[in-house]
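In: Could you work out the structure for the sequence below:
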Amino acid sequence: MLKVGDVAPEFTATTDEGKPLSLRSLRGSKVLLWFYPKADTPGCTAEGCSLRDNFDHYQSHGVQILGVSVDPVADNAAFVKKFSFPFRLLCDTDRAISVAYGACEGPSAARASRISYLIDEQGKIERAYPGVNPREHAAQVLGDLHG
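Out: Presented below is the predicted three-dimensional model:
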């Protein structure tokens, strides 16, 4: 797992919309990068819906939300559509992002671990969240933003 102050590893990934997105393109904004094990499963749905329900609060703090899983585009697109997520989900099918951020031990990992990072405007890790509780995580990060 990365530590506070580390430079966030750069990446370009395919979104749930099938378009490329790079971390570098979001410089100047904070980014909440949340890793989740599998689209449309109970814990991941609870976490995603909580982030969705607090989306306006994140926007008021200038935070971009990006979910990351090893799911293919079709699965993440269906997840976004089913729950009306206003943020993008990244499809890390080769596990490169998950490995770089410590969410997967290697490229053969079945799923990503439930961890998150708050990345600052300059691309450094501002907060690291190991062992995320999916029902409490959105409120926890908002509390840290207010802190």
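In: I'd like the mean pLDDT over stretch 63-77, please.
Out: Averaged over stretch 63-77, pLDDT sits at 98.
In: what's the closest non-adjacent residue to the spatially most central residue of the chain?
Out: By Cα atoms, centre = their mean, the chain has its centre lying nearest to Trp34, at 2.5 Å. Leaving aside its chain neighbours, Trp34 sits nearest to Ser116 (4.3 Å; criterion: Cβ to Cβ, 6 or more residues apart in numbering). Yep, even glycine has a C-beta here, placed from its N, CA and C like the rest.
In: where does that neighbour land on pLDDT?
Out: In this model, Ser116 carries a pLDDT of 98.
In: Next, give phi and psi for it.
Out: phi -150, psi 160 (degrees, to the nearest 10).
In: I'd guessed it sits against Phe35; true?
Out: Yes - at 6.7 Å, Ser116 counts as touching Phe35 under the criterion of Cβ atoms under 8 Å.
In: Now that Lys30 has come up, it's in contact with Glu126, right?
Out: Yes - with contact defined as Cβ under 8 Å, Lys30 reaches Glu126; the gap is 7.1 Å.
In: So for the two, which residues contact both of them?
Out: Leu118, Ile119, Asp120 (Cβ atoms under 8 Å, 6 or more residues apart in numbering).
In: Would you confirm that the residue nearest to the centre of the chain contacts Gly43?
Out: No - checked against Cβ under 8 Å, the pair Trp34 and Gly43 is beyond contact range at 11.7 Å.
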